[in-house]
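Enquirer: From the sequence below, what's the structure:
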Amino acid sequence: MKDEHNLQLNRYPDPAQNKLRKNFPKYLNVSQRIYFSVLARMKIIDLRIRIFCEPQKDSVLIPEPTYGMYKVACDVNDVETISIPLDKKFQVEVKTILGAIQKIQKIIFYMFTK
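Expert: Now for the predicted structure:
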């Protein structure tokens, strides 16, 4: 999108993350050929589910309310989601998580905040 001053505007500074993908391997002192960059949070979530969960067998714990794509990724990969409520201050209660954990849970999604 361009504004009246002919500036390139985007909600994200560089949606393709070209500068990051070019310079981060240099910072890590690794070859760009072996550097794997994930451009979207959804891809990371999807990869975690595909790697650790078996469809129609495993489940994932998701505190609610949270980032909506956790459930979407689980649904796409045919992995059951078990929602656990946050407390009145929107914090995770450890007792609630521990009480909800089952052997079939492979992932607990949790957003850390300060």
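
Enquirer: Name the SS class of the closest residue to residue 97 other than its chain neighbours, please.
Expert: Excluding the flanking residues, the one nearest residue 97 by Cβ to Cβ, 6 or more residues apart in numbering is residue 84, at 6.2 Å. From N, CA and C alone the C-beta is placed, and that goes for glycine too. Here residue 84 is recorded as strand under DSSP: H, G, I helix; E, B strand; the rest coil.

Enquirer: any idea how far residue 75 is from the residue nearest the centre of the chain?
Expert: Geometric centre of the chain, nearest residue: residue 45, 4.0 Å, by Cα atoms, centre = their mean. Using Cβ to Cβ, to the nearest Å, residue 45 is found at 12 Å from residue 75.

Enquirer: Could you pull up the contacting residues of the closest residue to residue 22 other than its chain neighbours?
Expert: Among residues not flanking residue 22 along the chain, residue 32 sits closest, at 7.6 Å (Cβ to Cβ, 6+ apart). Taking Cβ atoms under 8 Å, 6 or more residues apart in numbering, we find residue 32 in contact with 21-22, 25.

Enquirer: Quick check on the residues you listed: which are buried?
Expert: Applying 16 or more other Cβ atoms under 10 Å to those, the neighbour count classes residue 25 as buried.

Enquirer: quick one on the thing from earlier: tell me which element the residue nearest to the centre of the chain is part of?
Expert: Here residue 45 sits within helix 41-52, counting by DSSP states H and E.

Enquirer: which parts of the lowest-mean-pLDDT helix or strand in the chain are buried?
Expert: Least confident helix or strand of the chain, by mean pLDDT, DSSP states H and E, is helix 18-28 with a mean of 75. Buried residues in helix 18-28, counted by 16+ other Cβ under 10 Å: residue 25.
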